[in-house]
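Student: Give me a model of this one.
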Amino acid sequence: MKQIAVIALFVAASMPLVVARSHGGHAHQKEAASQSRNATASQLKSSAASKGAQVPKAPKAAQDSFVVMMSALETDDLSAFVAPGETAFAMAITEPVFAKISAQMAPRLKKGYVATFLCPMKQRGHDVFLWKLSFKDNGDDLLASLSTKNGKVSGLGLN
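Tutor: Have a look, this model is predicted:
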């Protein structure tokens, strides 16, 4: 199986557009390993919650933007993808760039995935939200980072 390309889309005054690809290779993950990882994450959340620790939850605006953008990648809908973004983000995501990313991601997204919110953070004046994407195809997981500034998406990274 061909390894999914690493994709990063960051557009803001301080963050130029970047589309990076990983080197080719083979993914050799087995279903049992994937199930074990997912079970472990679930157990950790359960354990943390039972001990009074707060399990992080994405802010509604960030969650809504993330869902819209993942759905847009799955359905190859550029307009929906850039809708939650700031003007610079929307202008930088051209049709050819988006088509390439959507072609890589859509098949995996269509097979199903689970997005687990990890945490919020601050970077260079942006609010950044991290999710773990686990795919039903049992391939490699991805780390998704959604950057926002003033309530608008300024970047989406998929590594």
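
Student: for the residue lying closest to residue 115 once chain neighbours are set aside, helix, strand, or coil?
Tutor: Nearest residue to residue 115 in three dimensions, chain neighbours excluded: residue 131, at 4.8 Å (Cβ to Cβ, 6 or more residues apart in numbering). Every residue, glycine included, has its C-beta placed from N, CA and C. Of the three states, residue 131 takes strand according to DSSP: H, G, I helix; E, B strand; the rest coil.

Student: And the strands in this protein, which stretches?
Tutor: Per DSSP state E, the chain carries strands over the ranges 7-10, 113-123, 126-135, 142-149, 152-158.

Student: So which bits of the longest one are buried?
Tutor: Of the residues in strand 113-123, 113, 115-118, 120 count as buried by neighbour count, 16 or more other Cβ atoms under 10 Å.

Student: Roughly how far does residue 120 sit from residue 131?
Tutor: According to Cβ to Cβ, to the nearest Å, residue 120 and residue 131 sit 11 Å apart.

Student: any common contacting residues for the two?
Tutor: Shared contacts of residue 120 and residue 131 (Cβ atoms under 8 Å, 6 or more residues apart in numbering): residue 58.

Student: shaky segments in this structure?
Tutor: The model of the chain has pLDDT under 70 over residues 1-55.

Student: returning to what we had before: just name the most buried of the strands of the chain.
Tutor: Most buried of those, by mean neighbour count (mean count of other Cβ atoms under 10 Å): strand 152-158, with a mean of 23.
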